[in-house]
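Asker: model the following, please.
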Amino acid sequence: MTVWVLDALLYVLLLAAIGFGGISVVGLLLFPDIRSRAFTGLRAGILATALVTAAGVCYGFFAYMTVGGLQYLLFILAAILMLALLVILNRVATGVVCRSAVPILSSAADTQEDR
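Answerer: Below you'll find the predicted structure:
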C-alpha cells in the first residue's frame, strides 16, 4: 500500500467520523425525549469512534509493516480494546439513564387508565 492510498483512506475514515459525530450532536440537541436522544447519541457516537479507531488501526498497521516495532502492534491492540470498553460502558450507561429517567408503563397500567 502506498502512502497516498493510506492518506486517502485515513481522510475518508476521519471525514466519515466527523459526519457521524455531527449527526450524534444534532440528534442529542434535536430529539425531544431521552430515549431517542440516547439511541441517536449512542449509535452515531459509537460509529464515529469506530471510524476513528479504524483510521488509527490502519495507520498502526501501515507503520508496523514499513518501520517495524512492537509499539505499533501495542497501539493497535490498545485502540481496539479502548473501543470495546467504550461500547460496553456506553451501553450500560444508556440503559441506566433511560430506565431511571422515564419509567415505561406496562400494558396492564395502560388498559386500566383507559377504563
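Asker: residues touching Cys58, list them.
Answerer: By CB atoms under 8 Å, 6 or more residues apart in numbering, the contact set of Cys58 is Leu6, Leu9, Leu10, Leu13. C-beta coordinates here come from the backbone N, C-alpha and C atoms, glycine included.
Asker: gap between the second one and Ala16?
Answerer: Spelled out, it's Leu9. 11 Å (CB to CB, to the nearest Å).
Asker: now do the third one
Answerer: To Ala16, Leu10 is 11 Å away according to CB to CB.
Asker: got it, and the first one?
Answerer: Applying CB to CB, the value for Leu6 to Ala16 is 16 Å.
Asker: what count of nearby residues applies to Leu51?
Answerer: The tally of other residues near Leu51 (other CB atoms under 10 Å) stands at 20.
Asker: buried residues in the strand or helix carrying Arg99?
Answerer: Element membership for Arg99, per DSSP states H and E: helix 70-101. For helix 70-101, burial by neighbour count (16 or more other CB atoms under 10 Å) applies to Tyr72, Phe75, Ile76, Ala79, Leu83, Asn90, Thr94, Cys98.
Asker: sounds good, over and out.
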